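Engineer: Sequence plus predicted model, see below.
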Amino acid sequence: TMQHWHVYQKWNERLFSEMTAAYRNGRMDKDPAEGWYNGELWFFDNYVIPLAKKLKECGVFGVSSDEYLQYALENRREWQSKGEEIVTTMVEKYKVEESTDDDTAAAAANADDKSSSQHEKKPM
């Protein structure tokens, strides 16, 4: 969030993927896609940008503090303009992975059923 856009996007998608998997596996009650776009804006406005401003004020990271604030502001603007499309793309990507996982699981279960029925001994 306070790094280059592509770095932010990489970690944003990884978190989305992890939370989507948790939702599918019953470890989360709510689909993260439902509020992802607005949640990121909230996170920038209420956590990242205020933190970056405080880091700049106290100068703890020297000149890098100003860079962090600029990255946070730029990433927030970028997310506001592209975020809805990015979320749509991620949702589609992980739907495809889910259906592929479901197909793989079904094929494996089918193979197990065939294997166990072939190995059953017939009574004499």
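Structural biologist: Cool, got the structure.
Engineer: In contact with the nearest residue to Asp29 once chain neighbours are set aside: list those residues for me.
Structural biologist: Leaving aside its sequence neighbours, Asp29 sits nearest to Tyr23 (Cβ to Cβ, 6 or more residues apart in numbering; 8.0 Å). Where you see a C-beta, it was placed from the backbone N, CA and C, and this is true even at glycine. Listed by Cβ atoms under 8 Å, 6 or more residues apart in numbering, the contact set of Tyr23 reads Asp29, Lys30, Asp31, Pro32.
Engineer: Buried among these? Make that a ChimeraX selection.
Structural biologist: Entered in ChimeraX, the line below selects the buried ones among the contacts of Tyr23, by 16 or more other Cβ atoms under 10 Å:
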select :32
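Engineer: For Ile86, state which of the contacts of Tyr23 is nearest.
Structural biologist: If you rank these by distance to Ile86 using Cβ to Cβ, Pro32 comes first, at 13.3 Å.
Engineer: For Leu41, see how far away Phe30 is.
Structural biologist: Wrong residue type there; residue 30 is Lys, not Phe. Relative to Leu41, Lys30 is positioned 18 Å away (Cβ to Cβ, to the nearest Å).
Engineer: any idea which element the most centrally placed residue in the chain lies in?
Structural biologist: In the chain, the centroid-proximal residue (Cα atoms, centre = their mean) is Phe16; its distance is 1.3 Å. According to DSSP states H and E, Phe16 maps onto helix 5-24.
Engineer: and if you look at Leu55?
Structural biologist: Per DSSP H and E: helix 49-58 holds Leu55.
Engineer: How far does that helix sit from its chain's centre?
Structural biologist: 26 Å (Cα atoms, centre = their mean, to the nearest Å).
Engineer: Give me the local confidence score for the residue nearest to Leu69 when sequence neighbours are not counted.
Structural biologist: Distances taken as Cβ to Cβ, 6+ apart put Ala52 closest to Leu69, at 4.0 Å, once the chain neighbours are dropped. We have a pLDDT of 95 for Ala52.
Engineer: didn't Ala52 look like it was pressed against Ala72?
Structural biologist: Yes - using Cβ atoms under 8 Å, Ala52 makes contact with Ala72 at a distance of 4.3 Å.
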